[in-house]
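Visitor: Here you go, sequence then predicted model.
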Amino acid sequence: MSELNRQPVELPGATVPFFTYEIGETQYYEFDTSKCGPPEPMVNAMAGLKLIDAPNKKLVMINHKKPMGLLDKIGENYDIETQKLEDGRVKLIFSYKVGASEAANLNDASCHG
C-alpha cells in the first residue's frame with residue numbers, strides 16, 4: 001500500500017493506528033483490529049465511522065473475522081463490502097448511505113456478540 005501515500009490520522013477513542021489515503025476522488029480511512037479482542041474492533045469501528053459523513057469517504061476495517069456484533073448494530077446504516085483476504089482475515093469497506101448513515105448510533109460501542 002505504499003503507493004497510496006498513507007498518512008496517520010489522530011482519532012479520539014481509537015486504540016489502534018488509523019491511516020488515510022485517497023484513490024481518485026474518494027478518501028479512505030483504514031485500521032486493522034485483526035490482532036485485537038473484543039471490544040476493540042467495535043470501539044475502533046465506531047470511532048472510524050464518525051469520519052464517514054459524505055459519499056466520497058469510506059472506512060476500511062481489517063479484522064480477524066466478520067464482526068457480527070458490529071454489523072448487527074450498524075449494518076442497515078452503511079453499504080458494506082466484505083472481502084476475504086488470502087491470510088484468512090476479513091476486509092470490510094463501509095460506505096456512506098444517504099439518509100441512513102446519519103441515523104447510526106455511533107456512541108454505543110458496547111459489544112454484544
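Guide: Received, thanks.

Visitor: where does this structure have its least confident helix or strand?
Guide: helix 68-74 (a mean of 94; mean pLDDT, DSSP states H and E).

Visitor: Could you list every helix and strand that it packs against?
Guide: helix 40-49 (3 or more C-beta pairs under 8 Å, 6 or more residues apart in numbering; DSSP states H and E). Yep, even glycine has a C-beta here, placed from its N, CA and C like the rest.

Visitor: which other helices and strands contact the helix or strand following the helix it packs on?
Guide: Sequence-wise, the next helix or strand downstream of helix 40-49 (DSSP states H and E) is strand 57-63. Helices and strands touching strand 57-63, by 3+ C-beta pairs under 8 Å, 6+ apart, are strand 26-32, helix 40-49, strand 90-96.

Visitor: what's the closest of those to Asn105?
Guide: helix 40-49 (8.9 Å; C-beta to C-beta).

Visitor: C-alpha coordinates for that closest one, CSV please?
Guide: In CSV, the C-alpha atoms belonging to helix 40-49 read as follows (Å, rounded to 0.1, in the frame of the first residue of the first chain):
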residue,chain,number,x,y,z
GLU,A,40,-11.6,-3.2,20.4
PRO,A,41,-12.9,-3.9,16.9
MET,A,42,-16.3,-2.4,17.8
VAL,A,43,-14.7,0.6,19.6
ASN,A,44,-12.4,1.4,16.7
ALA,A,45,-15.1,0.9,14.0
MET,A,46,-17.5,3.2,15.8
ALA,A,47,-14.7,5.9,16.1
GLY,A,48,-13.8,5.5,12.4
LEU,A,49,-17.4,5.5,11.2
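
Visitor: starting at the chain centroid, how far to the least confident helix or strand of the chain?
Guide: In terms of C-alpha atoms, centre = their mean, to the nearest Å, the centre of helix 68-74 is found 12 Å from the chain centre.
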